[in-house]
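Student: Build me a model from this:
(one chain, ligands or ions: 1)
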Amino acid sequence: MSAVAALQLNLAGRRLLVVGASSGVGREVVLQLARAGARVVLAARRRERLEAAVATLQADGCDAHAVVCDVRDEAQCQTAVGQAIEALGGLDGFVYAPGVAKLSMLQDARHEDWRHTLDVNLVGAALITAAAMDALRKSQGRAVFVSSYVVRQTLPGVGLYSTSKVGLDGLIEAWRMEAPEVDLTRVVLGNTLDTEFAASWGDAQVASITKHWVRRGLFPAPKMMPLEAAAEVIATLFAFRGYVDDIAVMPRLRDAEGQGYADAGPTPERHPALDTSPLKGVK
Ligand SMILES: NC(=O)c1ccc[n+]([C@@H]2O[C@H](COP(=O)([O-])OP(=O)(O)OC[C@H]3O[C@@H](n4cnc5c(N)ncnc54)[C@H](OP(=O)(O)O)[C@@H]3O)[C@@H](O)[C@H]2O)c1
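Tutor: Alright, predicted model coming up:
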């Protein structure tokens, strides 16, 4: 566990699957879970990333396995969950972390943009949950879904993404009705450093969308929190037996100190999408 840990977690033997474990939040969560004693399976599309993380964990004496899975494909979701259950001898929980966000005004969003966003952020979550549910019913386990603060307040140009996350809320509520023996937790997450979330956003795209934020007084962007701190809160959920339906993990004022978004720019090498340089001259 990182230096910010308040508790020493003991998850010895807990059998957990993390989907979206090749980078960012999912990767950091699975590292922390495994180092707290959980037996873990890492799933995502990029095999080499998963295998590198598994090798790191195994070198530390952890029990870790990789399964390749594109959550847009139903058969791959079923196979990945089946392989996880087989490798672990059952399943006590999973984290659904995959998330994509194309910046686009709704006026410009095309069918393929909607399909891709909803397939990864919402439909994939539905397919993974359905595939895992029998095993979770048996273990009275927990499913954790990584959501975003945009469900509370969206922004111009983020509607594709925020709509998918609001849909995820509906999915979680509906599963609670159909599987009351399983705990389902939504994690509202604030801006987090050191992920690849915004890696595909180009300067021109950022400039064209964020000018709407500037005009409405919504930019400079909110603060960002350390990846380890965000992941640590998510990992702790597996130490509880129940009663955690909904949590928010948000940056604090002190996370902004020294970053100076408005003045010096927000360490753009760590989060290029929030680099203010494309905004120069925007009024
Ligand atoms: N970073 C933030 O500031 C922030 C803020 C609020 C909420 N969130 C949420 O946090 C979650 C994690 O995002 P992140 O910031 O860690 O971003 P990230 O570094 O880009 O991680 C995204 C993960 O999703 C996986 N993924 C994407 N498409 C997939 C697909 N078709 N099939 C399987 N896996 C897929 C990626 O793996 P592969 O590419 O290898 O498949 C990767 O492991 C997301 O749900 C996001 O909405 C992030």
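Student: Could you verify that Ala43 is part of a strand?
Tutor: Yes. Under DSSP: H, G, I helix; E, B strand; the rest coil, Ala43 sits within a strand.
Student: got the contact list for it?
Tutor: Applying Cβ atoms under 8 Å, 6 or more residues apart in numbering to Ala43 gives the contacts 17-21, 50, 66-69, 80, 84. Using the backbone N, CA and C atoms, a C-beta is placed for each residue, glycine as well.
Student: and what of Gly99?
Tutor: Contacts of Gly99 (Cβ under 8 Å, 6+ apart): 20, 120-121, 146, 148, 161, 165, 197.
Student: contacts with the ligand among those, please.
Tutor: 20, 120, 146, 148, 197 (Cβ under 6 Å from any ligand atom).
Student: In strands, which of those fall?
Tutor: Cross-referencing these against strands under DSSP state E gives 146, 148.
Student: The ligand contacts on the chain?
Tutor: 20-26, 44-46, 49, 69-72, 97-100, 120, 146, 148, 189, 191-192, 195-197.
Student: now Gly242: how far from the ligand?
Tutor: The gap separating Gly242 from the ligand is 23 Å, by Cβ to the nearest ligand atom, to the nearest Å.
Student: What segments of the stretch 51-200 of the chain are strands?
Tutor: For the stretch 51-200 of the chain, the strands defined by DSSP state E, counting those that start in this stretch cover 64-68, 93-96, 142-148, 183-189.
Student: partners of the first one in the sheet?
Tutor: Same thing as strand 64-68. Partner strands for strand 64-68, per DSSP bridges, with pairing direction: strand 39-44 (parallel).
Student: Quick one: mean pLDDT for the strand it pairs with?
Tutor: Regarding strand 39-44, the rounded mean pLDDT is 98.
Student: any idea which of the ones next to the ligand among the contacts of Gly99 has the most stuff around it?
Tutor: In terms of neighbours by other Cβ atoms under 10 Å, the ones next to the ligand among the contacts of Gly99 top out with Val146 at 28 neighbours.
Student: contacting residues around that one?
Tutor: Counted by Cβ under 8 Å, 6+ apart, Val146 has contacts 20, 25-26, 95-97, 99, 187, 189, 234.
Student: Format those as CSV; extra columns: distance to Gly61 and pLDDT.
Tutor: Shown next, in CSV, are the contacts of Val146 (distance: Cβ to Cβ, whole Å; pLDDT from 0 to 100):
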residue, distance to Gly61, pLDDT
Gly20, 24, 98
Val25, 24, 98
Gly26, 22, 98
Val95, 22, 98
Tyr96, 27, 99
Ala97, 24, 98
Gly99, 31, 98
Val187, 28, 98
Leu189, 30, 97
Ile234, 23, 97
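Student: Which member of these is positioned nearest the ligand?
Tutor: Gly99 (2.4 Å; Cβ to the nearest ligand atom).
Student: Quick check: chain neighbours aside, which residue is closest to Thr195?
Tutor: If the residues on either side of it in the chain are set aside, Thr195 comes closest to Gly24, at 3.1 Å by Cβ to Cβ, 6 or more residues apart in numbering.
Student: can you pull the contacts of that neighbour?
Tutor: Gly24 neighbours (Cβ under 8 Å, 6+ apart): 97, 192, 194-197, 227.
Student: at 7 Å what do you get?
Tutor: Contact analysis of Gly24 by Cβ atoms under 7 Å, 6 or more residues apart in numbering lists 195-197.
Student: For His212, which three-state class applies?
Tutor: helix.
Student: ok, and the closest non-adjacent residue to it?
Tutor: His212's closest residue in space is Pro156 (Cβ to Cβ, 6+ apart), at 4.0 Å.
Student: Now do stretch 155-164: distance to the chain's middle.
Tutor: 16 Å (Cα atoms, centre = their mean, to the nearest Å).
Student: Report the mean confidence score over it.
Tutor: The average pLDDT within stretch 155-164 is 96.
Student: for stretch 246-258, same thing?
Tutor: Mean predicted confidence for stretch 246-258 is 81.
Student: Identify each buried residue in that stretch, please.
Tutor: 247, 249-251, 255-256 (16 or more other Cβ atoms under 10 Å).
Student: got it, and stretch 18-35?
Tutor: In stretch 18-35, counting by 16+ other Cβ under 10 Å, buried: 18-35.
Student: cool, stretch 160-170 as well?
Tutor: Of all the residues in stretch 160-170, those buried under the rule 16+ other Cβ under 10 Å are 160-165, 167-169.
Student: how about Ile247, secondary structure?
Tutor: Using three-state DSSP, the three-state assignment for Ile247 comes out as strand.
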